[in-house]
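S.K.: sequence? don't have it. structure:
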């Protein structure tokens, strides 16, 4: 299976890989067009292997082995290396979405693009970008703005370059119990198995359960697919294909925060949003893989500047001549209030 993301990175998944149905690069976030794939700037190949050889490496950190050619993540059973400057290989025995996302970012950065953890919508005048931490209200903003005629670029991640061009990644929406009022029709058909009262309990036990299930990759993949806290629904299934936009030019960025006190909307310098967006995107992409990335930098497998510094440079350049704002909404307010405040402050 071959797919291309934004026409920039081609991803090939070999036939033996067992978890194609849960790949983050589904048909809505990638193209299966052969010509587009061939013309990509860089490539990632995922190879399923029953046994992975890392015998010539040494242990660097807990679960991380490596040398100057590759690293091996023994926890996620993935070996990562570069065949050449334009092609990365991931050998794996487990579902590989975490490392696929990381290597997609590394390959994008090589060619002047970056993932950004943000919601994005567009109209005929351009795009609105809403970077923030998870759980702040980005999905609510997208839902309400689409009802006002905007189109979806991405609810969770998008791709951006220095020119401020945004390429949409309309991944499946991850909906929790608190989204039920935003998507009543979706929740009539399917809903998370646990309500708000049970969410904290599940959040506390899931990391331990996940670590145990890593010994049984098929069971772990099943558990991820049937997470009781949330459901995953394609935006195409919710809003229709006509609501999806593949590319737009950035016009305004609103950084979203939750906090104490009154709701506050003000201007903010582009470099400050770039710093915030870099931090939140790294946090979302890397999760518990920071030590592995630093080992890769230490061995010279990837460039420290190319991974960490270039992200900030791309964001700062993209945001530089745009409308840049910060919105803080009381953490006591529902997510719908975040959307209402955003709509009141769109400037284009």
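M.R.: Looks like it came in fine. Values in this document were obtained by computation on a predicted structure and should not be read as measured data. Numbers count the residues shown, from 1 in each chain.
S.K.: separation between residue 273 and residue 116?
M.R.: According to C-beta to C-beta, to the nearest Å, residue 273 stands 11 Å off from residue 116. The way it works is simple: take the backbone N, C-alpha and C, and place the C-beta from them, glycine included.
S.K.: so between those two, which is more surrounded?
M.R.: Between residue 273 and residue 116, counted using other C-beta atoms under 10 Å, the more crowded position is residue 116 (27 against 22).
S.K.: my read: the more buried one touches residue 130, true?
M.R.: No - the pair residue 116 and residue 130 does not pass the contact test of C-beta atoms under 8 Å, sitting 10.3 Å apart.
S.K.: break down the stretch 101-250 of the chain into its strands, ranges please.
M.R.: Ranges of strands in the stretch 101-250 of the chain, per DSSP state E, counting those that start in this stretch, are 113-123, 126-131, 151-154, 157-161, 165-169, 173-175, 231-233, 247-259.
S.K.: can you list the low-confidence ranges for the protein?
M.R.: Along the chain, the parts satisfying pLDDT under 70 run over 192-229.
S.K.: domain parsing for it?
M.R.: For the chain, automatic domain parsing gives the domain ranges 2-111, 115-192+230-280+314-344.
S.K.: centre of the chain to the first one, how far?
M.R.: Put plainly, it is domain 2-111. Computed by C-alpha atoms, centre = their mean, to the nearest Å, the chain-centroid distance of domain 2-111 equals 15 Å.
S.K.: with the last one instead?
M.R.: Here domain 115-192+230-280+314-344 is found 13 Å from its chain centre; the criterion is C-alpha atoms, centre = their mean.
S.K.: does the residue lying closest to residue 76 once chain neighbours are set aside count as helix, strand or coil?
M.R.: Among residues not flanking residue 76 along the chain, residue 94 sits closest, at 5.7 Å (C-beta to C-beta, 6 or more residues apart in numbering). Under DSSP: H, G, I helix; E, B strand; the rest coil, residue 94 falls in the coil class.
S.K.: residue 94 and residue 79 touch, don't they?
M.R.: No - judged on C-beta under 8 Å, residue 94 makes no contact with residue 79 at a distance of 11.6 Å.
S.K.: now do stretch 75-83: everything it contacts.
M.R.: For stretch 75-83, the external contacting residues (C-beta atoms under 8 Å, 6 or more residues apart in numbering) are 45, 52-54, 63, 69-73, 88-94, 96, 98-99, 103, 211, 214, 217, 296, 301.
S.K.: now those residues: which count as buried?
M.R.: When the contacts of stretch 75-83 are checked for burial by 16 or more other C-beta atoms under 10 Å, the buried set is 45, 52, 54, 63, 70-73, 88-94, 96, 98-99, 103, 214, 217, 296, 301.
S.K.: quick one, what contacts the residue nearest to residue 86 when sequence neighbours are not counted?
M.R.: Spatial nearest neighbour of residue 86, chain neighbours left out: residue 42 (4.9 Å); criterion: C-beta to C-beta, 6+ apart. Residue 42 makes contacts with 8, 9, 10, 86, 87, 88, 107, 108, 110, 111, as judged by C-beta under 8 Å, 6+ apart.
S.K.: repeat that for residue 141.
M.R.: By C-beta under 8 Å, 6+ apart, residue 141 lies in contact with 119, 121, 130, 256, 338, 339, 342.
S.K.: what do you get if the cut-off is 7 Å, keeping everything else the same?
M.R.: Neighbour list for residue 141: 119, 130, 338, 339, 342 [criterion: C-beta atoms under 7 Å, 6 or more residues apart in numbering].
S.K.: any of those residues buried? List them.
M.R.: Of the contacts of residue 141, these count as buried by 16+ other C-beta under 10 Å: 119, 130, 338, 339, 342.
S.K.: tell me the one of the residues you listed nearest residue 138?
M.R.: Checking those against residue 138 with C-beta to C-beta, the nearest one is residue 119 at 3.8 Å.
S.K.: thinking again about what came up before, select, out of the domains of the chain, the one closest to residue 290.
M.R.: Ranking those by their distance to residue 290 (criterion: C-beta to C-beta) puts domain 2-111 first, at 9.8 Å.
S.K.: residues near residue 50, how many?
M.R.: Residues near residue 50, counting by other C-beta under 10 Å, number 6.
S.K.: that one in helix, strand or coil?
M.R.: Here residue 50 is recorded as coil under three-state DSSP.
S.K.: what sits against the residue nearest to the spatial centre of the chain?
M.R.: When the chain is reduced to its mean C-alpha position, the nearest residue by C-alpha atoms, centre = their mean turns out to be residue 157, at 4.2 Å. Taking C-beta under 7 Å, 6+ apart, we find residue 157 in contact with 115, 116, 117, 169, 171.
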